[in-house]
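S.K.: When you get a sec, could you give me coordinates for this:
(one chain, ligands or ions: 2)
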Amino acid sequence: MKSVNLRYMQRAGLSMYKLAYVNGEWVDSNKKFPVFNPANDELLADVPDMGESEVQKAIDAAKEAFEQWSQTTAKERGAALRKWLKELEGNKQALAEIMTKESGKPLVESLGEVAYANSFVDWFSEEARRTYGEIVPSPVKSKELLMVREPLGVVGLITPWNFPMAMITRKAAPALAAGCTCVIKPAEDTPLTALALAALAQEAGIPKGVFNVVTSSRSNANSVGKLLCTSPHVAGISFTGSTHVGKILYNHCSQGIKRISLELGGNAPFIVYSNANLEKAVVGALAAKFRNCGQACVAANRFLIQEDVFDQFVELLKTNITKSFQQGDSSKNEKCNLGPLINLAQVEKVDSIVKDAVSKGAKVVLGGEKVSSLGDKFFAPTILTNVTPDMLCYTEEVFGPVAVCIKFKTEEESLQIANNSSTGLAGYFYTSDISQAWRVAKKLQVGMVGINEGIISHTEAAFGGVKESGIGREGSRHGMDEFTQIKYMCFGNLE
Ligand SMILES: NC(=O)c1ccc[n+]([C@@H]2O[C@H](COP(=O)([O-])OP(=O)(O)OC[C@H]3O[C@@H](n4cnc5c(N)ncnc54)[C@H](O)[C@@H]3O)[C@@H](O)[C@H]2O)c1
Ligand SMILES: O=C[C@H](O)CS(=O)(=O)O
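M.R.: Ligands and ions are numbered 1, 2, ... in the order given. Okay, the predicted model is just below:
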């Protein structure tokens, strides 16, 4: 089949993004599922709804390709990733437009995500050559002891809809850098970005079978996920998504003792101490809460504000939200910087959490309801106060534009509330006291801490959580660990 060129596909319009990518070929299926623009319900494409037998072909292709790809040198793999990066950077506008159309996120945020996603390809094109082994001083004269890192093999990458490009490159780049081959299963809401990445991988000359993208509807996700987790030809799984699904996959992988890395849900506290610079804290709060309309795993989920600055901070938050955001469809109006939620299920989840809070006595300081005038997936930026522990918003991951504001008296109380969660991904706090900064940063039960900062995700830093937020780290040099294994070699009789 003729090589499919992104620029051609872009000119031809999104309708070209309707084929999955397996073994270097663009493949169809006799079943399809639709992909819509959540901002205006425009049908973007119908893509293959692949089942187990079709995904098995992708696993077979990746297994065959692994024989050669794993034997390339780290330098060659790094060079291949840089060719892919060149294609990604050369098509950043097209990629951003696809992402905005299928996820609803504002174009400015999609462009930011392309840059963030590309940074993982850039970073791991270099890390490929720095995944060193070790030679250790032998305890015995006749022996030499050394350890090397080897690629896991075929890996299954299952990714969410909220960052449809970055969540793929944050996995695929280290996987390919390590010498693994991959079968990628993107979220059913946002498969088109993944297919565009495949088109550019093909353009860059990534060999067939090394980078495969299979598309499935939600109804097939369970069986496809189970196949990837239980296939004897898949050596590892890397999953980003909800804790609920992460537990299902973790259980599947236990059957074959398969490696798995899990980037799961969060419930980030955002603590404002009375000695904080409130103007800076509000800037950080808007970034940590409203990026991607609150649909981020590291989103500030609970605002814990010390009582003597509570009213002042809430008023500042309300004023800044009102003047900072123009909600709407940014594919129609580029000035819009706050989009819709991804689908009706998410809208209903957010709406039910807010209604539950109000029914139990919460006060709606701002927003608090759907914005039907914009469309059926828009929920207004919202501030809730008078929040109590019996409310869902106190414990649940909202995953929407709702700032839940909780008052506390002492540092000890703030930490007790913050750590009272089954998850521990990110946490943020603002203080002007350096001793307090050190104390609180050490006591927060999370994997990542923002200290006087609301945006903490960078490719150079280890991304991941504790408790039920997951296992393993992505980005940084640690990202290679998820796709390699250590082999110890003992040379004997050397005298
Ligand atoms: N820690 C992180 O880096 C991170 C990043 C993004 C999202 N998330 C979390 O993901 C959640 C929202 O994303 P979502 O709604 O796409 O998550 P989700 O878990 O519903 O879906 C994630 C992926 O898993 C697939 N999937 C769903 N059910 C499956 C099953 N039974 N077996 C195999 N695969 C299955 C989906 O098709 C999708 O591709 C939130 O909880 C958010 O915190 C975490
Ligand atoms: O939603 C989860 C993402 O990992 C957030 S970030 O873009 O990495 O900050």
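
S.K.: Contact partners for Val183?
M.R.: With contacts taken as CB atoms under 8 Å, 6 or more residues apart in numbering, Val183 has the following neighbours: Val55, Ala58, Ile59, Ala62, Val154, Val155, Gly156, Leu157, Asn212, Val214, Leu228, Val234. Where C-beta positions appear, they are placed from N, C-alpha and C, glycine not excepted.

S.K.: need the contact list for Arg82.
M.R.: Val121, Asp122, Ser125.

S.K.: Tell me the pLDDT of the last one.
M.R.: We note a pLDDT of 98 for Ser125 in this prediction.

S.K.: Tally up the residues packed near it, please.
M.R.: Applying the criterion other CB atoms under 10 Å, we find 21 residues in the vicinity of Ser125.

S.K.: Quick check, it in contact with Gly78.
M.R.: Yes - at 4.6 Å, Ser125 counts as touching Gly78 under the criterion of CB atoms under 8 Å.

S.K.: Now for the two: what residues contact both?
M.R.: Counting by CB under 8 Å, 6+ apart, the common neighbours of Ser125 and Gly78 are Ala177.

S.K.: looking at it, Gln485 is touching Leu152, isn't it?
M.R.: Yes - A contact is recorded between Gln485 and Leu152 when judged using CB under 8 Å, the distance being 5.9 Å.

S.K.: Can you pull the residues that touch both of those two?
M.R.: Shared contacts of Gln485 and Leu152, counting by CB under 8 Å, 6+ apart, come down to Arg259.

S.K.: These two: who's more crowded?
M.R.: Of the pair Gln485 and Leu152, Leu152 is the one with more neighbours under other CB under 10 Å, namely 23 against 15.

S.K.: For Val365, give its distance to ligand 2.
M.R.: In this structure, Val365 and ligand 2 are 26 Å apart, going by CB to the nearest ligand atom, to the nearest Å.

S.K.: Which one of the contacts of Arg82 is nearest to ligand 1?
M.R.: Distance ranking of the contacts of Arg82 against ligand 1, using CB to the nearest ligand atom, places Val121 first at 17.5 Å.

S.K.: Using the three-state scheme, assign the closest one.
M.R.: Assigned state for Val121: helix (three-state reduction, DSSP: H, G, I helix; E, B strand; the rest coil).

S.K.: What segments of the stretch 51-200 of the chain are helices?
M.R.: In chain order, the stretch 51-200 of the chain shows helices spanning 52-69, 74-90, 92-103, 107-127, 166-178, 191-203, with DSSP state H, counting those that start in this stretch as the criterion.

S.K.: Over to the stretch 201-350 of the chain?
M.R.: 218-230, 243-254, 278-290, 310-324, 344-359.

S.K.: Can you get me a residue count around the residue in the stretch 151-300 of the chain positioned nearest to ligand 2?
M.R.: Distances from the stretch 151-300 of the chain to ligand 2, computed as CB to the nearest ligand atom, single out Cys297 as the nearest residue at 3.4 Å. When counting by other CB under 10 Å, one arrives at 29 neighbours for Cys297.

S.K.: that older thread, what's the closest of the helices of the stretch 201-350 of the chain to Met480?
M.R.: With CB to CB, the closest approach to Met480 among the helices of the stretch 201-350 of the chain belongs to helix 243-254: 19.8 Å.

S.K.: picking up where we left off before, output the helices of the stretch 201-350 of the chain in a markdown table; the columns should cover mean pLDDT and distance to ligand 2.
M.R.: As requested, these are exported to a markdown table (pLDDT from 0 to 100; distance: least, CB to the nearest ligand atom, whole Å):
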| stretch | mean pLDDT | distance to ligand 2 |
| --- | --- | --- |
| helix 218-230 | 97 | 18 |
| helix 243-254 | 98 | 13 |
| helix 278-290 | 98 | 10 |
| helix 310-324 | 98 | 19 |
| helix 344-359 | 98 | 13 |
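
S.K.: Just say which of the ones you listed is most tucked in.
M.R.: Among the helices of the stretch 201-350 of the chain, helix 278-290 has the highest mean neighbour count (mean count of other CB atoms under 10 Å), at a mean of 21.

S.K.: Point out where the protein drops to low pLDDT.
M.R.: 1-17 (pLDDT under 70).

S.K.: and it, which residues reach ligand 1?
M.R.: 158-162, 167, 185-188, 218, 221-222, 225, 240-242, 245, 248-249, 263-266, 297, 397, 399, 425, 470 (CB under 6 Å from any ligand atom).

S.K.: Spit out the contact partners of Glu134.
M.R.: Counting by CB under 8 Å, 6+ apart, Glu134 touches Leu146, Met147.

S.K.: can you check Gly104 too?
M.R.: In this structure, Gly104 makes contact with Asn37, Pro38, Ala39, Cys293, Asp329, Gly339, Pro340, Leu341, Ile342, Lys377, judged by CB under 8 Å, 6+ apart.

S.K.: quick one: which of those residues is nearest Asn320?
M.R.: For those, the nearest to Asn320 is Cys293 (16.2 Å; CB to CB).

S.K.: tally of neighbours for the closest one?
M.R.: Cys293, neighbours per other CB under 10 Å, totals 31.

S.K.: wait, Leu304 sits on Phe270?
M.R.: Yes - under the criterion of CB under 8 Å, Leu304 makes contact with Phe270 at 6.9 Å.
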